[in-house]
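Colleague: I would like the atomic coordinates for the input below:
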Amino acid sequence: MSAQNPQVVEAFYALIRLLPRFDHQTSRRHLPRNGVYLFFEKGETVRYLDMITDRIVRIGTHRADGRFRSRIRLHYGNVRSLAGHKNASVFRKHLGGALLRKADPQDLRLRDWLTQGGPSFPEVEEMVSRVLRENLTFSCFHVDERNERLSLERALIALFAQYPLGQPSTNWLGRFAASEKIRHTGLWNMQHTDAEPLTINELERLEQLVKATLSEAVI
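Modeller: Numbering: from 1, shown residues only. Next up, the predicted model:
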């Protein structure tokens, strides 16, 4: 592990402060067609360079080209209701599992809810949508090439899982997640936490991508 990794984390936080913050009401036209997203959760902060900033709690992207906007919508749920599809969004599945375990660790719905492809429950989907819309915002940067998107997602998850700037708050919902990885890393991510973290060279590429995204921003 490189001794530079903590500095890479701080530099990345400084970089993404330049990006606009979005939520479930953001118009699709403000979002790229292809990109990587970073979610922030109300009440979750970290300190870096003597500043307090919102803590990144999930990193993700999409595989199929042109699907970034629909991927974000799958996380937040239906535009006109609180309905959602936990089998189409592992983020929703993690959140719903934590909500159920927080209320009652013996809830009989838990096993089905946490099973990929298993049955869902409208009342839980509504709770998840409320939490996402009330507490979660995101930033993103444009990345057109599929392999680069996936590579950056993997390296960023590994970086923040292995080199967090601070611990989740005592009230963080993720402390009730079914996944030990989520509880341990402070991220709503399970995959790639043990991968190779982002390097200095990759950070330079990220700076290029963020600057390009800012130059393309729709006002």
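
Colleague: Which positions in stretch 197-204 come out as buried?
Modeller: Of the residues in stretch 197-204, those with enough neighbours to count as buried (16 or more other CB atoms under 10 Å) are 197, 198, 202, 203. Bear in mind the C-beta positions are built from the backbone N, C-alpha and C, glycine included.

Colleague: Relative to the whole chain's centre, how far out is that stretch?
Modeller: Chain-centre distance of stretch 197-204: 19 Å, with CA atoms, centre = their mean, to the nearest Å.

Colleague: what's next to that stretch, contact-wise?
Modeller: Outside stretch 197-204, the residues that touch it by CB atoms under 8 Å, 6 or more residues apart in numbering are 1-2, 4-5, 8, 11-12, 15, 152, 155-156, 158-159, 162-163, 206.

Colleague: any chance you could map the strands in this structure?
Modeller: 35-48, 51-60, 136-142 (DSSP state E).

Colleague: Give the bridge partners for the residue positioned nearest the centre of the chain, please.
Modeller: Nearest to the mean C-alpha position of the chain, by CA atoms, centre = their mean, lies residue 58 at 2.3 Å. Judged by DSSP bridges, the bridge partners of residue 58 are residue 39.

Colleague: Would you mind confirming that it makes contact with residue 191?
Modeller: No. Using CB atoms under 8 Å, residue 58 is not in contact with residue 191, being 11.6 Å away.

Colleague: Residues that sit against both of those two, list them.
Modeller: Joint contacts of residue 58 and residue 191 (CB under 8 Å, 6+ apart) do not exist.

Colleague: May I ask which helix or strand of the chain has the lowest mean pLDDT?
Modeller: helix 5-16 (a mean of 92; mean pLDDT, DSSP states H and E).

Colleague: for that helix, which positions count as buried?
Modeller: Along helix 5-16, these residues count as buried under the neighbour rule (16+ other CB under 10 Å): 5, 8, 9, 10, 11, 12, 13, 15, 16.

Colleague: Looking at the residues you listed, which one is closest to residue 87?
Modeller: The closest of these to residue 87 turns out to be residue 16 (CB to CB; 29.9 Å).

Colleague: excluding its backbone neighbours, what's nearest the closest one?
Modeller: With CB to CB, 6 or more residues apart in numbering as the criterion, residue 16 has its nearest non-adjacent residue at 5.7 Å, and that residue is residue 139.

Colleague: any idea how far that neighbour is from residue 15?
Modeller: According to CB to CB, to the nearest Å, residue 139 stands 10 Å off from residue 15.
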